[in-house]
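*Asks:* sharing a sequence plus its predicted fold:
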Amino acid sequence: RAAVRNVAQHGGMLAVIAESGGGKSTIRKDLSHWIKSSDRPVVVIEPYVIGMEDDPSKGRPLKAEDVVTSVMRRLSPSTKIARSNQKRLEQMHDQLKISAAAGNHHILIIEEAHRLALPTIRHMKTFYELDDGFTPLLGILLIGQTELGWKLGDGNFEVREVVQRLEKRYIEPMDLNDVALYLRHKFERIGTKFDKVFAADAVEAMVQRLRVTTETRLRGHRTLGPRSLCYQI
């Protein structure tokens, strides 16, 4: 939460990575609530990602020009967007400078970022480097499942310039102690004692039941490994 808010206020590039159901959308909603409730001058830009895929045969990849268009429509909806990529980028840069001069910060949020194509990920460096002197103009928050972590791995030389500038934060599953505290908290909220409902060894049994072996594939390589599903409690 602190890392996400820091990017919204001060710029930078952050990837929040977790399994499906791990709390990624909750982090995004928490950021939106914090911006509104504390009246922060942060402009949130969220390109639509419905149908987005990194493989054109499965869906439509989100391209850099789509991001530029989203920024322009958010900051200056009445401006006619130029056709050439260079002119569009200049327009976006100018609008970000105008908005920043008015006291605003900006954050680009891309959900389902594990579906981003590698060329689009490489372009994040360009967006990250947009500035006005020493003032960064656009923070970047990528939110995705574990495949995003693979794409942004240190060994992926196709996106190394992005990886060098990016911070990764993982939302880890709860461990045994966390599960016990979480369930006791939830039961207390409804006025019930956890120990009256569950046996002493129930939590440990649940944690063991939610440890599975899964298969992952990346660039044709298949690996098997343990995975905890404790975030689904």
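*Replies:* Perfect, I can see it now. None of the values given here were measured: they were computed from a predicted structure.
*Asks:* need phi/psi at the nearest residue to residue 198 once chain neighbours are set aside.
*Replies:* Beyond its immediate neighbours in the sequence, the residue positioned closest to residue 198 (C-beta to C-beta, 6 or more residues apart in numbering) is residue 183, lying 7.6 Å away. For glycine as for every other residue, the C-beta is placed from the backbone atoms N, C-alpha and C. Geometry field for residue 183 lists phi and psi as phi -70, psi -40, criterion degrees, to the nearest 10.
*Asks:* surely residue 183 is in contact with residue 203?
*Replies:* Yes: under the criterion of C-beta atoms under 8 Å, residue 183 makes contact with residue 203 at 6.8 Å.
*Asks:* out of these two, which sits in the more crowded spot?
*Replies:* Between residue 183 and residue 203, counted using other C-beta atoms under 10 Å, the more crowded position is residue 203 (21 against 18).
*Asks:* so the more buried one sits in a strand?
*Replies:* No: the assignment for residue 203 (DSSP: H, G, I helix; E, B strand; the rest coil) gives helix, which keeps it out of a strand.
*Asks:* need the contact list for it.
*Replies:* Under the criterion of C-beta atoms under 8 Å, 6 or more residues apart in numbering, the neighbours of residue 203 are 176, 179-180, 183.
*Asks:* can we see that at 6 Å?
*Replies:* The neighbourhood of residue 203, defined by C-beta atoms under 6 Å, 6 or more residues apart in numbering, consists of 179-180.
*Asks:* distance of it relative to residue 180?
*Replies:* 5 Å (C-beta to C-beta, to the nearest Å).
*Asks:* residue boundaries of the helices in the protein?
*Replies:* Using DSSP state H, the helices assigned to the chain run over residues 2-10, 24-37, 64-75, 85-101, 118-128, 146-151, 160-163, 176-189, 202-209.
*Asks:* how many neighbours does residue 13 have?
*Replies:* Going by other C-beta under 10 Å, the residues that sit close to residue 13 add up to 23.
*Asks:* actually residue 17, sorry about that
*Replies:* Tallying neighbours of residue 17 according to other C-beta under 10 Å, which is how burial is gauged here, yields 23.
*Asks:* pretty sure it contacts residue 149?
*Replies:* Yes: at 4.7 Å, residue 17 counts as touching residue 149 under the criterion of C-beta atoms under 6 Å.
*Asks:* identify the bridge partners of the residue positioned nearest the centre of the chain.
*Replies:* Residue closest to the mean C-alpha point of the chain, counted by C-alpha atoms, centre = their mean, is residue 143 at 1.7 Å. Beta-bridge partners for residue 143, by DSSP bridges, are residue 16.
*Asks:* please shift the residue numbers so they start at 51 in all later answers.
*Replies:* OK, 51 is where the count begins now, so the last one is residue 193.
*Asks:* for residue 107, give me its contacts.
*Replies:* When contacts are counted by C-beta under 6 Å, 6+ apart, residue 107 is found next to no other residue.
*Asks:* just for the chain, where's the confidence low?
*Replies:* For the chain, the stretches with pLDDT under 70 are 264-276, 282-283.
*Asks:* now the residue of the chain positioned farthest from its centre: how far from residue 259?
*Replies:* Relative to the mean C-alpha coordinate of the chain, counting by C-alpha atoms, centre = their mean, the farthest residue is residue 246 (39.2 Å). Computed as C-beta to C-beta, the residue 246 to residue 259 distance reads 21 Å.
*Asks:* if anything else comes up later, I'll come back, but that's it for now.
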